[in-house]
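*Asks:* Predicted model, plus sequence, below.
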Amino acid sequence: MTFSSRIKPYFIEETRQRGKEYFQFNRVIDMASTRTSLRGLVKGSRTYHCGFEMESADKGRNISLQIDCDCPSFKHGYHCKHLWALALKVDGDEWADPVLNAKNVFLVESHEEDDDDYSDDD
């Protein structure tokens, strides 16, 4: 089992495919983590900041991952290709171990208000 396989149900196939392409073309250009937070930079039409923030409950049996990205797609309520590319980059990283060992994993979206027009051209 991998990090991406644990969160796969939260991403539609088209998003996973496009995120996989971003990952394969090395568009995840930076990644940094603390014990509970993982942040990355993903190059699209511009460089987007995205990440996962981990919260554990019930002695690690339940993990909530707060997700965020500053791309227009995420701001309009979609789990974006940038997050999926970052998830693929996380596969095999020890940061993901609590997610792999948890009984339940939930994604929680973090949306900030923004007036940018929606565009999925990134």
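*Replies:* Perfect, I can see it now.
*Asks:* any idea of the mean pLDDT in the longest helix anywhere in the chain?
*Replies:* For the chain, the longest helix by residue count, based on DSSP state H, is helix 13-24. Confidence over helix 13-24 (mean pLDDT, whole number) is 98.
*Asks:* same thing with stretch 51-69?
*Replies:* 93.
*Asks:* mind listing the strands for the chain?
*Replies:* With DSSP state E as the criterion, the chain has strands at 28-33, 37-43, 47-57, 62-69, 104-109.
*Asks:* tell me the angle the second one makes with strand 62-69.
*Replies:* Relative orientation of strand 37-43 versus strand 62-69 (axes from the mean of the first three to the mean of the last three C-alpha atoms, to 10 degrees): 30 degrees.
*Asks:* do the first one as well
*Replies:* Strand 28-33 and strand 62-69 are oriented at 140 degrees to each other (the same axes, to 10 degrees).
*Asks:* Using PDB, write down the CA coordinates of strand 28-33.
*Replies:* What follows is strand 28-33, C-alpha atoms only, in PDB (Å, rounded to 0.1, in the frame of the first residue of the first chain):
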ATOM      1  CA  VAL A  28       7.100  18.500  -8.400                       C
ATOM      2  CA  ILE A  29      10.100  20.800  -8.000                       C
ATOM      3  CA  ASP A  30      10.300  21.000  -4.300                       C
ATOM      4  CA  MET A  31       9.000  19.100  -1.200                       C
ATOM      5  CA  ALA A  32       9.600  19.800   2.500                       C
ATOM      6  CA  SER A  33       8.100  18.200   5.600                       C
END
